[in-house]
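[1] Have a look at this fold, sequence not included:
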């Protein structure tokens, strides 16, 4: 199991066997390079801990534990703080930890094991209970090496993946393997296992008399404080720089917190609409960073790229941006060991255009009865497939809007983001289409209000952020032995944003309104003026001979048992052919949709093949 995690910790390894079990650790040394060997014990060797990640406020915690509680420390490691906090407060210590982490603590006196995970799940933690034994690991690829772990497909999770492009925790693609959800703990004691949630929002109270400039100044100081805290490391630190507001803000704060030029890194795509590198270059010049650009070529597919994603994520993963993320991380690792990113800014400050789209669908739903909207949607969809659709390409947007407005409000965001719709799944699946496992998505709707916007932000945060974006960043960065930190997800930033009224998040259709005000003087105008771009490969341009070969082998060769059992051959062939042949948008279907449906199917088949998954 440890050997499967060498990429996550190439610097050191440690194993500790005690009464009733064993804990092991692969370490990427970032703080206290010489003295931070894990597992780490308390003074009398009765409590042991392993931790993946970083505790950013460990210095303050250590000072308090040493000076007021008289705890003795053997190292300068952030991990050792966890043990002494636990001695003081047990599981109630977790809210005191500001960081990204997955940990296992063994209390030999109480015969207790505690697993815990950070607020948003920046660091992964999977577990399985088999034959009375609790197994856990940072990656599924490690966990499946444990004795007694069956490699059987979790069918409801597979159907959820096909619907949404995500496997949503606590379920995984493997039957019997679970994910400990973000912000949660698991405790095993005397043969009993219980779980609970420790993370709670604590919105900062915003003075209603404060004007926007005062609030913007408060936010600016909060960002500086958080970035300074997350720069703590005994190794070089760099930053992702996409040219968007979030990563540019993080880099701007870094330049104010350090004396030497910040090393920044961006991906450069051949296809211009996907390429933000010119903006990133301008930001780097404006801030005086030491800037590096990494090329991501079109027609550059190699089967090893797909297999790398599957191996490290451990389950099907439809987000094609995992590949350029790995390329960038691999290059960054040649320069630094830790990198700061802008991940989480769109969720924290309502930056997605999708939020505005759903709110407009809400208004449309309020104007017409649902049955009328369904009728309009059906007519417009039929018209889109005819010559009218070719003359009026905007019909597809009208169809999508009326289709989303025709469903209940709490499923509208999911409807807009569907990967395969019900009709497609009915044709594609050989097994009955069952209601998929949704997982514990609605973890928290808190904030300054329980408004519709806040509900959408929460769904997006605990849906695609936790199950897609943070998964991609963690697995691909750690595949390159690089640690990535996300200041926008620091509890201090999140709690500040949670206290803001909605009009400071989206104002006159502009998202991240108060963040823009806060950092306007830090950045060039171009950052705020250029349209938002996603970080993904234009898959229809990424296809080469190797891509076609992989698609046909994985999906049409009939050699993978799960593919044979799960899919109707004729319908599957239609999706493959469309995904390989469509090169431009049509009235009924975008090239993005066709190419990403194929990519999702290829990922599922490659996962089943790589892990020898039983149907």
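    All right, it came through fine. Here the structure is a predicted model, which is why all the values come from computation and not from measurement.

[2] wait, residue 596 sits on residue 419?
    Yes: using Cβ atoms under 8 Å, residue 596 is in contact with residue 419, at 7.0 Å. To be clear about C-beta, it is placed using only N, CA and C from the backbone, and glycine gets the same treatment.

[3] overlap in contacts of those two?
    Common contacts of residue 596 and residue 419 (Cβ atoms under 8 Å, 6 or more residues apart in numbering): 165, 318.

[4] quick one, what contacts the residue nearest to the spatial centre of the chain?
    Nearest to the geometric centre of the chain sits residue 470, at 2.0 Å (Cα atoms, centre = their mean). For residue 470, the contact set (Cβ under 8 Å, 6+ apart) comprises 120, 121, 122, 343, 486.

[5] what's the burial count for the last one?
    What that stands for is residue 486. Residues near residue 486, counting by other Cβ atoms under 10 Å, number 25.

[6] In contact with it, which residues are there?
    100, 122, 340, 341, 342, 343, 344, 470, 473.

[7] ok, so of those, who is nearest residue 325?
    Nearest to residue 325, judged by Cβ to Cβ, of the contacts of residue 486 is residue 473 at 6.5 Å.

[8] Make sure that closest one is actually in contact with residue 339.
    No: with contact defined as Cβ under 8 Å, residue 473 does not count as touching residue 339 (9.7 Å).

[9] Identify the contacts common to the two.
    With Cβ under 8 Å, 6+ apart, residue 473 and residue 339 have common neighbours residue 484.

[10] Report how many residues lie close to residue 384.
    By other Cβ under 10 Å, the burial measure for residue 384, its neighbour count, is 23.

[11] And for the one 10 residues further on?
    By the criterion of other Cβ under 10 Å, residue 394 has 10 neighbours.

[12] Residue 380 versus that one, what's the distance?
    10 Å (Cβ to Cβ, to the nearest Å).

[13] Quickly list what's touching both of those two.
    Joint contacts of residue 394 and residue 380 (Cβ under 8 Å, 6+ apart) do not exist.

[14] Can you tell me the SS state at the residue nearest to the centre of the chain?
    helix (DSSP: H, G, I helix; E, B strand; the rest coil).

[15] can you check residue 232 too?
    coil.

[16] That one and residue 55, how far apart?
    10 Å.

[17] Name the residue in these two with the higher neighbour count.
    Set side by side, residue 232 and residue 55 show more neighbours around residue 55, with 26 against 18, by other Cβ under 10 Å.

[18] which residues sit in contact with that one?
    61, 78, 79, 81, 82, 97, 98, 99, 101 are the contacts of residue 55 under Cβ under 8 Å, 6+ apart.

[19] And for residue 550?
    301, 303, 306, 602, 606.

[20] Please determine how far the second one is located from residue 612.
    In other words, residue 303. For residue 303 relative to residue 612 (Cβ to Cβ), the value is 18 Å.

[21] So what's the residue count around residue 544?
    For residue 544, the count of nearby residues is 15 (other Cβ under 10 Å).

[22] Residue 15: what secondary structure?
    Classified using three-state DSSP, residue 15 is strand.

[23] Let me know the pLDDT of the residue nearest to it when sequence neighbours are not counted.
    Of all residues not flanking residue 15 in the chain, residue 24 sits nearest, at 4.5 Å (Cβ to Cβ, 6 or more residues apart in numbering). As predicted, residue 24 sits at a pLDDT of 95.

[24] and the helix or strand harbouring residue 24, how far out from the chain's middle?
    Using DSSP states H and E, residue 24 falls within strand 21-27. Chain-centre distance of strand 21-27: 25 Å, with Cα atoms, centre = their mean, to the nearest Å.

[25] Quick check: next helix or strand after it?
    Following strand 21-27 toward the C-terminus (DSSP H and E): strand 40-41.

[26] After that next one, which helix or strand is next?
    Using DSSP H and E, the next helix or strand after strand 40-41 towards the C-terminus is strand 47-55.

[27] next one: that next one to chain centre, how far?
    So, by Cα atoms, centre = their mean, the centroid of strand 47-55 is 21 Å from its chain's centroid.

[28] Next: stretch 408-428.
    21 Å.

[29] i'd like the first residue to be 13 from this point on
    Got it, first residue is 13 now, which makes that one stretch 420-440.

[30] From one end of that stretch to the other, what's the distance?
    25 Å (Cα to Cα, to the nearest Å).

[31] cool, stretch 66-84 as well?
    End-to-end distance (Cα to Cα), stretch 66-84: 21 Å.

[32] Over to stretch 488-503?
    24 Å.

[33] Could you pull up the mean pLDDT of it?
    Mean predicted confidence for stretch 488-503 is 96.

[34] Ok, stretch 242-258 next?
    On average, stretch 242-258 scores 92.

[35] And for stretch 45-62?
    For stretch 45-62, the per-residue pLDDT averages 89.

[36] what's the closest non-adjacent residue to residue 121?
    Per Cβ to Cβ, 6+ apart, closest to residue 121 is residue 58, 5.1 Å.

[37] looking at it, the one you found is touching residue 119, isn't it?
    Yes: assessed by Cβ under 8 Å, residue 58 is found in contact with residue 119 at 7.2 Å.

[38] Appreciated, that's everything.
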